[in-house]
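Student: Let's see this in three dimensions:
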Amino acid sequence: MNDVIDERSADDHRDGPADGQHGPVVTAAETARLTGGQRFWAGAAVTLTIAGVLIVLNQVFFWNPGGFTLLLNAFLYVVLACFLSQVFILVRARKSADRSRFSVPWYDAVLAVVCVATNLYFAVHAEDISLEGWDYAAPPLAVAGSFVLWLLVLEALRRTAGLVVTIIAGAFSLYPLIAEQMPIGFLQGVPFPIERAATVHALGPDSILGLPLQTAGAILIGFLVFGVVLQRTGGAEFFIDLARSVFGHARGGSAKVAVTSSASMGMMSGSAVSNVLTTGPMTIPAMKRAGYPGTYAAGIEATAATGGSITPPIMGTAAFLMVSFLGIPYSEVAQAAAAPALLYYVGVFTQVDAYAARTGMRGEPRSRLPKALATLRTGWPYLLALGALILLLVWQRDEAQAPFMAAALLLAIAVVRPRHRLGARGLLAVVVDSGRSIAEIVGIIAGVGLIVGALSMSGASLSLARELVAAVGDNVLLILIAGAVTCFVLGMGMTVSAVYVFLAIVMAPALIELGVNPVAAHLFVIYWAAASYITPPVALAAFAAAGIARSSPMATAVTAMRLGAAKYIVPFCFALNPALVAQDDVGSVLQAVGLAIVGVFAMGAAFEGYAPLVEVRMPGWARAVALAGGVALLLPETVSSMAGLVVVVALLAGLRLFGHHAGPPERRGDDAAAADAVAAAAAGSGEALQGESLRDESLPDGAGSGERREGDPEVRT
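Tutor: Got it, this is the predicted structure:
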């Protein structure tokens, strides 16, 4: 579920925090190798994680043992003490540092201890902070502690989200000091002395302790824990086997398995690159053995993986932040995101199927595939847990408790079930993975809160949206284009959640003021912020996939852009037509989604030059007509969409009657040969991903550490 990547040790099974995938297992042999100091820090990390999760559970389920309860600010300070401190234990200060896991240098040890002490001091005095207004009149020790926490948050942000976003957050956090001197009128605001700015940032309710951290503490931590449990109990292997059993026999089956498994992995990972590095080593070689060129295979994997942050029921971090910014239940966000995610994957599937048909690729023999019923019989706990999560979200409408309850159900089954049974070592791995994922997300969220606090402190957040509306002259399309460009540019150097928080304050209110539906406006920002994962010049997900496929990074990115074309077009459509995000009556929603599916199918066929349903090749003029008709089908006006439907249906019928039929497919490649690779990898994904760091081995020059996207923390190994 998150928007960042990390580097793991040789025992790691995945990359990316906050996604619930396999992380480092503390094996018995490794434990024996740990020195006394390393054992201490390993124990400290585990203790902090257990304490932090217990505090969250107490807050979420209102246990309040012995009447014990925490004020909101005290709770958030404890969350920072337990998880922000782990950033300094787990994440290296410099990417060049070469240290073993839990080998903590003295300066990181000092930072971790100071972080715990500072936040616990504030937690103890939480009532005084609230009642006596310490954010504006703090005692000297609290002022000093405020400066310390300010700097600790910026350093944690640098380690977890990169230098660019840290510079931006740092500049914004200092902005109130010079707000009165800003030369541009709408950027002018209330000035603050540096001592007051520090206390407002550290002690006030709108900055470090603001909406982003409140969302993380109340909602996001539970989903991170659920993702870790789902992955640790064998969820990844189950979903890959299920995808193979359903799609493996179809033409181009290996590619369809890649799309389906990556989409399923989105339930455990909102990080595109993490998704690529987890499923890619299994699916990309299988696609290449089936006859797909390396560039195309890598493009498929990157495009499918990028959909993780927009795929319900468990989306990326930004979707959870939407809950707080809009004040709506998470179930409504997931419901709104369902149709756009469906359209995205319909577009990818259409092109994959068209390519397979055009080039004559066949699927695997059913005898080599897992049986669907047998797979479901062994994997029913995962479906039960996901079903329970969805039911709790929809009917109980308590997104804070639902993921913990679903995780507890899955853990209870895993402890007593012979297959994928979790012993003490497995439970320890769940704790370690959860702590690492939560720590990295908290590091990002707390740092991004400085931006929110600075704009709120100075009053600039109230004027920016108004000035944007005045600048575009009530032109919705113009501000959408400007917003898309801004999202993409910021996304090249910032995580999706950081881009979202910034533009949710600056851009989304302007869109809403011009009449765009609030849910559609916020989803628009998320879609375009995530587009940079497959769009040059950064395209980190595409570069990661290219490294595994050993293909050209830029060519892979261009292929991924074409495969993921819906990601660029659909956001404009649902911003103009809220029915596509379930913000209308049922009839309008069904009509809009149905027409949009036909439109995305037509565009996918146009991009590949082949129409799968009618099984004909498309000449150049037909591709242009299909593309235009597909776009028209996505427009909100009934006349345009109906005209597009007539054009597409007439075109496909004409091609069927008079066009060039593909004829019997000429076998290209051998998906059956690829089956063995996928089966072996699915059965032992740990072995498939063992060895040196995947990012070090398989990324091409310029796609790994040399071109590391800001937002990708370096984790101490």
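Student: low pLDDT regions in the stretch 1-150 of the chain?
Tutor: Flagging of the stretch 1-150 of the chain using pLDDT under 70 yields the residue ranges 1-34, 96-101.
Student: let me fix that: the chain
Tutor: 1-34, 96-101, 184-186, 267-270, 419-420, 461-462, 659-717.
Student: Sketch out the strands for it, chain order is fine.
Tutor: For the chain, the strands defined by DSSP state E occupy 610-611, 616-617.
Student: looking just at contacts, which helices and strands does the first one meet?
Tutor: Identification of packing neighbours for strand 610-611 by 3 or more Cβ pairs under 8 Å, 6 or more residues apart in numbering; DSSP states H and E yields helix 330-359. The C-beta positions use only the backbone N, C-alpha and C, and glycine is treated the same way.
Student: How much space separates the nearest residue to residue 103 once chain neighbours are set aside from residue 82?
Tutor: Computed as Cβ to Cβ, 6 or more residues apart in numbering, the closest residue to residue 103 that is not its neighbour in sequence is residue 38, at 5.7 Å. In this view, residue 38 and residue 82 are 20 Å apart by Cβ to Cβ, to the nearest Å.
Student: Between these two, which has more neighbouring residues?
Tutor: residue 82 (28 against 18; other Cβ atoms under 10 Å).
Student: Just to check, residue 165 is in contact with residue 498?
Tutor: Yes: with contacts counted by Cβ atoms under 8 Å, residue 165 reaches residue 498, the gap being 5.1 Å.
Student: So these two - more neighbours on which side?
Tutor: Set side by side, residue 165 and residue 498 show more neighbours around residue 498, with 33 against 26, by other Cβ under 10 Å.
Student: any idea how far residue 54 is from the more buried one?
Tutor: From residue 498 to residue 54 the distance is 29 Å (Cβ to Cβ).
Student: One more: residue 335?
Tutor: From residue 335 to residue 54 the distance is 32 Å (Cβ to Cβ).
Student: In terms of neighbours, single out the busier of those two.
Tutor: residue 335 (19 against 12).
Student: now the more buried one, nearest residue through space, not along the chain?
Tutor: Nearest one to residue 335, counting by Cβ to Cβ, 6+ apart, is residue 582 at 5.2 Å.
Student: pretty sure the one you found is touching residue 589, no?
Tutor: Yes: between residue 582 and residue 589 a contact is recorded at 5.5 Å, counting by Cβ under 8 Å.
Student: Identify the contacts common to those two.
Tutor: The contact sets of residue 582 and residue 589 overlap at residue 339 (Cβ atoms under 8 Å, 6 or more residues apart in numbering).
Student: neighbours of residue 401, just the number please.
Tutor: Residue 401 has 17 nearby residues by other Cβ under 10 Å.
Student: Surely it touches residue 392?
Tutor: Yes: between residue 401 and residue 392 there is a contact under Cβ under 8 Å: 7.2 Å.
Student: show me what contacts residue 344?
Tutor: By Cβ under 8 Å, 6+ apart, the neighbours of residue 344 are 307, 310, 564, 566-567, 570.
Student: do residue 352 as well
Tutor: 252, 255-256, 259, 300, 563.
Student: Please repeat the previous calculation with a cut-off of 7 Å.
Tutor: 252, 255-256, 259, 300 (Cβ atoms under 7 Å, 6 or more residues apart in numbering).
Student: Please apply the same query to residue 70.
Tutor: 59, 78 are the contacts of residue 70 under Cβ under 7 Å, 6+ apart.
Student: what about it, distance to residue 205?
Tutor: 15 Å.
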